[in-house]
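Novice: The following comprises the amino acid sequence and a computationally predicted model.
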Amino acid sequence: QVQLVESGGGLVQAGDSLRLSCAASGRTASSVAMGWFRQAPGKEREFVATISWDGGRTNYADSVKGRFTISRDVKNTVYLHMNSLKPEDTAVYYCAHSPGPVWVSPVSWGQGTQVTVSS
């Protein structure tokens, strides 16, 4: 079982940057792929980015490619570095993990952190 705790959300202006963190704990935290998803009001939760267990493989949604970067450190914290934020990036951002070392599908979620981008 992997536990996930997100942090780092907030209110920013368009064009600003923000870094989200997801602290993963548990026996298998270092050996599973991780991902970020987001859900805007009235919309379904959508994929943002994923990263393999060793950080060697990443994948991004087209809407964030070139602006967001996913990374992870040796302490099993996964980051989402968000640059050039737009109002349409406003959402609750969720961290998730996959059952194995490469992303397949989410198994469990964190509690989410709110990101609000004003124009």
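Specialist: Received, thanks. Residues are numbered from 1 along each chain as shown.
Novice: Now stretch 27-43: buried residues?
Specialist: Residues Ala29, Val32, Ala33, Met34, Gly35, Trp36, Phe37, Arg38 are the ones in stretch 27-43 that count as buried (16 or more other Cβ atoms under 10 Å). C-beta: built from backbone N, CA, C; applies to glycine.
Novice: Would you confirm that the fifth one contacts Val104?
Specialist: No: using Cβ atoms under 8 Å, Gly35 is not in contact with Val104; the gap is 10.1 Å.
Novice: Need the residues touching each of these two.
Specialist: Both Gly35 and Val104 are in contact with Ser98, where contact means Cβ atoms under 8 Å, 6 or more residues apart in numbering.
Novice: spatially speaking, which residue is in the middle of this protein?
Specialist: Nearest to the geometric centre of the chain sits Trp36, at 2.6 Å (Cα atoms, centre = their mean).
Novice: which secondary structure element contains that one?
Specialist: strand 34-39 (DSSP states H and E).
Novice: Alpha carbons of that strand, as CSV, please.
Specialist: Extracted C-alpha coordinates of strand 34-39, given in CSV (Å, rounded to 0.1, in the frame of the first residue of the first chain):
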residue,chain,number,x,y,z
MET,A,34,3.5,7.9,-10.3
GLY,A,35,1.3,10.4,-12.0
TRP,A,36,-0.5,13.7,-11.7
PHE,A,37,-4.1,14.3,-12.8
ARG,A,38,-6.4,17.2,-12.4
GLN,A,39,-10.1,17.9,-12.2
